[in-house]
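[1] quick one: sequence plus predicted model below, questions after.
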Amino acid sequence: MVASMNWVERLNAEGETREEAISQLRVILVRGILKSFASRGVDNAFAEDIAQDALLRILNSLDSFEGRSRFTTWAMAIAVRTAVSELRRRHFRDVSLEQVIHGENNTLDLGETDVRSAEDSIDRQALYDQLREHIETDLTEKQKTVIQALLGGMPVENIADRMGTNRNAVYKMMHDARLKLKQSFESSGVSPEEIQSILAGGA
């Protein structure tokens, strides 16, 4: 290994140089996953599986690394997103659509980042109430189910499985539903920025 070669160069190299870089990065990712998700009780097998999946994504995305952060920070972010997606899939594996849509408090949890821009110009609760009203009155039953499940945090593949369809069909229903909701909000005078902030959930 040439000490001056950076991660991208090493991972794009051939032979032992590349294999050594992959091995080193895998160790970093496994350690980071175990630390980041310690409170979720993840084990070494989970961390190893996630690291392997993340490595494939990282190797396929090397051209997108712009060097604005440390390479290991960028790579770890990909691993964390991969782990979160897998944990969500596992969490919703035995959860029905009804449980997601009709939760104990039956509220839509859009998350702080999804509504931050909207909060600058419109009351959060009023916006939520308006969203709920549009979902109830403007969408078909299937569109309503998809949007409520997405806003409840259920991954697309789980929704497709519960509805007896495929991911493409769910994405089509999601697209049509969001278009209807966008049109409804525009008719109510809500700005494009506010529309984007509230329809970002479940993307």
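    The structure has been received and is ready for your questions. Numbering: from 1, shown residues only.
[2] buried stuff in the one helix or strand Ala75 maps to?
    Using DSSP states H and E, the element containing Ala75 is helix 71-91. Judged by neighbour count using 16 or more other Cβ atoms under 10 Å, the buried positions of helix 71-91 are Phe71, Trp74, Ala75, Met76, Ile78, Ala79, Val80, Thr82, Ala83, Glu86. Heads up, the C-betas are built off the backbone N, CA and C, glycines and all.
[3] who touches that helix?
    The set of residues external to helix 71-91 that reach it, using Cβ atoms under 8 Å, 6 or more residues apart in numbering, is 6-8, 25, 28-29, 32-33, 36-37, 40, 42, 46, 49-51, 53-54, 57-58, 61, 65, 153-155, 157-158.
[4] which residues in this protein form helices?
    In order along the chain, the chain carries the following helices (DSSP state H): 7-11, 15-36, 44-60, 71-91, 97-101, 112-119, 124-138, 141-151, 156-163, 167-187, 192-199.
[5] then the second one to PDB, C-alphas only?
    Listed next in PDB are the C-alpha coordinates belonging to helix 15-36 (Å, rounded to 0.1, in the frame of the first residue of the first chain):
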ATOM      1  CA  GLY A  15      -5.400  -6.200  -6.700                       C
ATOM      2  CA  GLU A  16      -4.100  -6.200  -3.200                       C
ATOM      3  CA  THR A  17      -4.300  -2.400  -2.800                       C
ATOM      4  CA  ARG A  18      -8.000  -2.400  -3.500                       C
ATOM      5  CA  GLU A  19      -8.700  -5.500  -1.300                       C
ATOM      6  CA  GLU A  20      -6.800  -4.100   1.600                       C
ATOM      7  CA  ALA A  21      -8.700  -0.800   1.400                       C
ATOM      8  CA  ILE A  22     -12.000  -2.700   1.300                       C
ATOM      9  CA  SER A  23     -11.000  -4.800   4.300                       C
ATOM     10  CA  GLN A  24      -9.900  -1.700   6.300                       C
ATOM     11  CA  LEU A  25     -13.100   0.200   5.400                       C
ATOM     12  CA  ARG A  26     -15.300  -2.800   6.300                       C
ATOM     13  CA  VAL A  27     -13.700  -2.800   9.800                       C
ATOM     14  CA  ILE A  28     -14.400   0.900  10.200                       C
ATOM     15  CA  LEU A  29     -18.000   0.500   9.100                       C
ATOM     16  CA  VAL A  30     -18.700  -2.500  11.400                       C
ATOM     17  CA  ARG A  31     -17.300  -0.700  14.400                       C
ATOM     18  CA  GLY A  32     -19.300   2.500  13.500                       C
ATOM     19  CA  ILE A  33     -22.500   0.600  13.100                       C
ATOM     20  CA  LEU A  34     -22.100  -1.300  16.400                       C
ATOM     21  CA  LYS A  35     -21.500   2.000  18.100                       C
ATOM     22  CA  SER A  36     -24.200   4.000  16.400                       C
END
